[in-house]
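In: 3D model of this:
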Amino acid sequence: MAMFRRKALLLRERAALEVLRKGYVIEVENLTKRFGDFTAVDHISFRVKKGEIFGFIGANGAGKTTAIRMLCGLHRPTSGHGQVAGFDINTQQEDIKRHIGYMSQKFALFNDLKVWENIRLFAGIYGVEEKKIAPKTDEILERLGFTDQKNTLVGQLSLGWKQKLAFSVAILHDPEIVFLDEPTGGVDPLTRRKFWELIYEAVNRGITVFVTTHYMDEAEYCNRVCMMVDGKIEQLDSPENLRRKFGVETMEEVFTQVAKKAQRTDD
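Out: Residues are numbered from 1 along each chain as shown. Predicted coordinates for the structure are as follows:
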């Protein structure tokens, strides 16, 4: 049985590598999620390229959160197909969880633990080998300039520093993809710009970024933007092409026109 499981895992890894060779880390076709009579996500299809910054945008009720939960292996789709990092979202949710990173607006850090304790804890959760955890911890502290604050309780950090730490923790295991669910909510514009510098550094390391945001200036930083309205994809293109299509100068104006069609107010 153990030999069979090892062989199955090897085949899964090979399948994942094959998808990555094609240049896509997310492939979704007719993905749908219903809760009773309510269709939260309605037959959406898209692909995300390896190394891309993919913006996922929509008003409240658009279906963004439900879609992300399916992609992260937290919700099982009602119908449709998809792969994330080469793994099937219908049958290989646990494999997906091991190959992605995730950061939400609330950061998911433990305020009553020290900085270095948070890093080591999440390294263990993400399955980093024991012998690599200490070097990874030192690497993150050094890169963030956090060495002098490693014994500081996370609850005592500023919002901007918590944000940087949470992002670094989300990618400490070098995932193929990191999902960022409104990671800059509630922080000032300067801190948001600094956070996007971290995103670009991650992309330079080969990590694909899937980000949701309410800030349309951040949509300008994405390679492509997918705009959801009432569970469906209304627009999907680069910011430049979307501005050109709608004859406007900013993504804020694009979003205003697209969001007019929305009827729902909650995901």
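In: Which of the helices or strands spans the residue lying closest to residue 107 once chain neighbours are set aside?
Out: Leaving aside its chain neighbours, residue 107 sits nearest to residue 166 (3.9 Å; criterion: C-beta to C-beta, 6 or more residues apart in numbering). In short, each C-beta sits where N, CA and C put it, glycine included. Taking DSSP states H and E as the definition, residue 166 sits inside helix 159-170.
In: Now do that helix: distance to the chain's middle.
Out: Between the centre of helix 159-170 and the centre of its chain there are 14 Å (C-alpha atoms, centre = their mean, to the nearest Å).
In: For the spatially most central residue of the chain, grab phi and psi.
Out: Centroid-nearest residue in the chain, with C-alpha atoms, centre = their mean: residue 179, separated by 0.8 Å. Here is the backbone geometry of residue 179 (degrees, to the nearest 10): phi -100, psi 120.
In: isn't it right next to residue 96, touching?
Out: No - between residue 179 and residue 96 there is no contact under C-beta atoms under 8 Å: 10.5 Å.
In: mind listing what's buried in the helix or strand hosting residue 39?
Out: Taking DSSP H and E as the definition, one finds residue 39 inside strand 38-49. By neighbour count with 16 or more other C-beta atoms under 10 Å, strand 38-49 contains the buried residues 39-42, 44, 46-48.
In: before we move on, the earlier item: what's the overlap in contacts for residue 179 and residue 96?
Out: Common neighbours of residue 179 and residue 96, counting by C-beta atoms under 8 Å, 6 or more residues apart in numbering, are 71-72.
In: How is residue 234 classified with respect to secondary structure?
Out: Secondary structure assignment for residue 234 (DSSP: H, G, I helix; E, B strand; the rest coil): strand.
In: scratch that, residue 131 is what I was asking about
Out: Three-state assignment for residue 131 (three-state DSSP): helix.
In: Return the residues in contact with it.
Out: Contacts of residue 131 (C-beta under 8 Å, 6+ apart): none.
In: Which residues are in contact with the closest residue to residue 178 other than its chain neighbours?
Out: Closest residue in space to residue 178, ignoring its immediate chain neighbours: residue 101 at 3.8 Å, by C-beta to C-beta, 6+ apart. Contacts for residue 101 (C-beta under 8 Å, 6+ apart) come out as 126, 170-171, 173, 175, 177-179, 207.
In: With pLDDT and distance to residue 158 added, can I get these in TSV?
Out: Below are the contacts of residue 101 laid out as TSV (pLDDT from 0 to 100; distance: C-beta to C-beta, whole Å):
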residue	pLDDT	distance to residue 158
126	88	25
170	94	19
171	94	21
173	92	26
175	94	26
177	96	28
178	97	22
179	96	24
207	94	25
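In: what's the neighbour count on the residue lying closest to residue 57 once chain neighbours are set aside?
Out: Using C-beta to C-beta, 6+ apart and skipping residues adjacent in sequence, the residue nearest residue 57 is residue 227, 5.1 Å away. For residue 227, the count of nearby residues is 25 (other C-beta atoms under 10 Å).
In: one step back: what's the helix or strand for the residue nearest to residue 178?
Out: Per DSSP H and E: residue 101 is located in strand 100-104.
In: On the three-state scheme, residue 253 is what?
Out: Quick answer, by three-state DSSP: residue 253 is helix.
In: nearest residue to it other than its sequence neighbours?
Out: Excluding the flanking residues, the one nearest residue 253 by C-beta to C-beta, 6+ apart is residue 246, at 6.8 Å.
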